[in-house]
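*Asks:* Starting from these lines, generate the structure:
(one chain, ligands or ions: 1)
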Amino acid sequence: MAEETKEPVGFSDLGLSETVLQALKAKGFEVPSPIQEKSIPILLEGKYDVIGQAQTGTGKTAAFGLPIIDVIEKEGKHVKAIILTPTRELAIQVSDELNSLKGKKRLNILPIYGGQPIDRQIMSLRKGIDIVVGTPGRVQDHIQRKTLKIDQLDFFVLDEADEMLNMGFLEDIEAILKVTNTDKRMLFFSATMPKPILKLAQSYMREGHQEIAVKAELTTRLTDQ
Ligand code: ADP
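*Replies:* Numbering: from 1, shown residues only. Got it, this is the predicted structure:
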């Protein structure tokens, strides 16, 4: 039997706005990676919570970042999306990547992490931040100081969820989740899917969440970083 040839899929086939398509062009991304191709349409559809699994370096940031940028509406000063990362380096990296993907959309994106003076972060948060990318400790610190409110979220994202659990952040994640609104969408992205993550998803995600996995042998790392 002849093998079916699959039409190559481009970013413009995934339902993304012209604004982010332009940003992608400027960034030089030509084709979506497998995890991007699978996640973006589901996330743009606006219904399901999602667990996405693919190796490190396969473009998971844009897989959740592009639809978040497109879906959230720049209205009001409240935080609309929070992305938790295990390390400060990753918080900065994800924040930089989102800034380069937002194109002309005027969104304020702020990394918050330990080791940086908290006053500076407080001043930025006061101005109104749309997307916070933070490490669990500093995020909790801001919540306790009431300098960060995350009770009107559209999205709650765990990036490198397996690393977060390895580093002992489960309790912090659960404490942070407690102060969020229940009608947010939850996205977990991870290189591996150990049981505690699936359990966390079962406890906190809404019914009918989608699981997206890209097998290791199908992925090539986009860059050698
Ligand atoms: P992960 O979160 O899976 O570890 P990243 O989102 O950090 O991976 O992406 C790895 C690198 O690949 C980054 O430098 C990113 O800018 C780049 N990248 C992501 N998607 C694409 C794409 N579709 N085409 C080209 N480069 C991409």
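*Asks:* contacts and neighbour counts: CA atoms only from here.
*Replies:* Will do.
*Asks:* List the buried residues in the longest strand along the chain.
*Replies:* Across the chain, the strand with the greatest residue count (assigned by DSSP state E) is strand 185-190. Within strand 185-190, the residues that count as buried by 16 or more other CA atoms under 10 Å are 185-190.
*Asks:* Same check on stretch 141-149?
*Replies:* Going by neighbour count (16+ other CA under 10 Å), the buried part of stretch 141-149 is 142, 148-149.
*Asks:* Can you list which of these are found in helices?
*Replies:* Judged by DSSP state H, the subset of the buried residues of stretch 141-149 located in helices is His142.
*Asks:* so Arg138 is in which element?
*Replies:* helix 136-144 (DSSP states H and E).
*Asks:* Check which element follows that helix along the chain.
*Replies:* Per DSSP H and E, helix 136-144 leads on to strand 155-158 as the next helix or strand towards the C-terminus.
*Asks:* Quick check: neighbours of that next one in the sheet, parallel or antiparallel?
*Replies:* Strand pairing for strand 155-158, using DSSP bridges, gives strand 81-84 (parallel), strand 185-190 (parallel).
*Asks:* any idea what sits nearest Lys184, other than its immediate chain neighbours?
*Replies:* Closest residue to Lys184 in three dimensions, ignoring its sequence neighbours and counting by CA to CA, 6 or more residues apart in numbering: Asp154, at 4.7 Å.
*Asks:* Which among the strands paired with strand 155-158 is found nearest to the ligand?
*Replies:* The minimum distance between the ligand and the strands paired with strand 155-158 falls on strand 185-190, with 8.1 Å, by CA to the nearest ligand atom.
*Asks:* How far off centre is the longest strand of the chain?
*Replies:* Relative to its parent chain, strand 185-190 has a centroid offset of 7 Å by CA atoms, centre = their mean, to the nearest Å.
*Asks:* Need the contact partners of stretch 40-48.
*Replies:* Identification of contacts with stretch 40-48 by CA atoms under 8 Å, 6 or more residues apart in numbering yields 14-16, 50, 63-64, 66-68, 70-71, 185, 206, 208-210.
*Asks:* Do me a favour and get the backbone dihedrals for Leu110.
*Replies:* Here is the backbone geometry of Leu110 (degrees, to the nearest 10): phi -130, psi 130.
*Asks:* Report the beta-bridge partners for it.
*Replies:* Under the criterion DSSP bridges, Leu110 forms beta bridges with Val132.
*Asks:* List the residues that contact it.
*Replies:* Contacts of Leu110 were listed using CA under 8 Å, 6+ apart, and they are 95, 124-125, 129, 131-133.
*Asks:* before we move on, what about Val139?
*Replies:* So, once contact is read as CA under 8 Å, 6+ apart, Val139 ends up touching 112-113, 148, 176.
*Asks:* any chance of the strands paired with strand 155-158 in a markdown table, with distance to the ligand and mean pLDDT too?
*Replies:* Converted to a markdown table, the strands paired with strand 155-158 look like this (distance: least, CA to the nearest ligand atom, whole Å; pLDDT from 0 to 100):
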| stretch | distance to the ligand | mean pLDDT |
| --- | --- | --- |
| strand 81-84 | 12 | 98 |
| strand 185-190 | 8 | 96 |
